[in-house]
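In: Sequence first, then the predicted structure:
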Amino acid sequence: MTQTIQRELAILRRKQVQMRTGLSRSTIYQYIKDGVFPKPVQLGPRAVGWLESEVIEWIAERVKIARDNNRSLSK
């Protein structure tokens with residue numbers, strides 16, 4: 001149970017988010033501004049991070065959208 005809680009509350013730093021999503025720093029912040037990417041959590045005066053679960057959910061949604069678009073194009 002503790003491991004499940006820790007996994008849900010894991011924090012990713014910006015470089016980790018970039019590696020997982022393939023997005024650049026500027027794109028991440030533009031998507032946040034546009035309201036299409038999870039907002040970061042303030043960790044300190046000059047440090048932010050993202051909840052891993054929210055980033056994973058965002059990636060899964062992008063995959064779903066891409067797959068749904070591919071299906072509709074092939075019909």
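Out: Structure received.

In: Can you show me the helices along the protein?
Out: Secondary structure of the chain by DSSP state H: the helices cover 2-8, 14-21, 25-34, 52-74.

In: want to try CSV for these, with mean pLDDT as columns?
Out: CSV is the format used below for the helices of the chain (pLDDT from 0 to 100):
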stretch, mean pLDDT
helix 2-8, 58
helix 14-21, 98
helix 25-34, 98
helix 52-74, 89
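
In: can you redo those as TSV with distance to residue 41?
Out: C-beta here means a position set from N, CA and C on the backbone, and glycine is covered the same way. Below are these laid out as TSV (distance: least, CB to CB, whole Å):
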stretch	distance to residue 41
helix 2-8	13
helix 14-21	12
helix 25-34	12
helix 52-74	9
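
In: Which one, of the ones you listed, ends up nearest to residue 43?
Out: helix 14-21 (11.0 Å; CB to CB).
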